[in-house]
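Enquirer: Structure for this input, please:
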Amino acid sequence: MKERISSNVPRQTKLRVQKAAKALGLSESKFIEQAVATDLDKLNIRMQTHEARRQRDCFKAKYKEAQEHLTAAEAKIKALQERGLFARIFNRNPKI
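Expert: Purely as a prediction, here's the structure:
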């Protein structure tokens with residue numbers, strides 16, 4: 001006899017747990033325990049992934065900032081070289 005599942009969510013959940021536990025050959029409590037442990041593992045993985053993304057984004061920001069400082073320093077050096085001031089600072093003859 002097929003049992004009718006109503007819109008009663010707790011009953012639906014209980015029947016799904018019973019069916020899954022029976023299919024795996026486990027008791028309901030052992031099945032629930034394993035399901036909770038699996039969900040906690042998934043949550044832990046998501047937290048680790050979030051932390052890795054946060055660290056990556058922080059590194060990207062620091063790298064971009066360092067790259068901008070380097071580009072600005074290169075531009076300053078090039079401007080000094082063009083004016084011949086860079087060579088005077090380091091006691092070299094300017095390029096002509």
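Enquirer: quick one: the helices in this structure?
Expert: 9-24, 28-83, 85-89 (DSSP state H).
Enquirer: any idea of the angle the first one forms with helix 28-83?
Expert: Read that as helix 9-24. Orientation note: helix 9-24 sits at an angle of 90 degrees relative to helix 28-83 (axes from the mean of the first three to the mean of the last three C-alpha atoms, to 10 degrees).
Enquirer: that older thread, kindly reformat the helices of the chain as a markdown table and extend each row with mean neighbour count and mean pLDDT.
Expert: Yep, even glycine has a C-beta here, placed from its N, CA and C like the rest. Output for the helices of the chain, formatted as a markdown table (neighbours: other C-beta atoms under 10 Å; pLDDT from 0 to 100):
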| stretch | mean neighbour count | mean pLDDT |
| --- | --- | --- |
| helix 9-24 | 12 | 86 |
| helix 28-83 | 11 | 91 |
| helix 85-89 | 12 | 64 |
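Enquirer: who's in contact with Lys39?
Expert: Not quite, residue 39 is Asp, not Lys. Listed by C-beta atoms under 8 Å, 6 or more residues apart in numbering, Asp39 has no contact partners.
Enquirer: I'd like the distance between Arg83 and Ala73.
Expert: Noted for Arg83: a distance of 16 Å to Ala73, by C-beta to C-beta, to the nearest Å.
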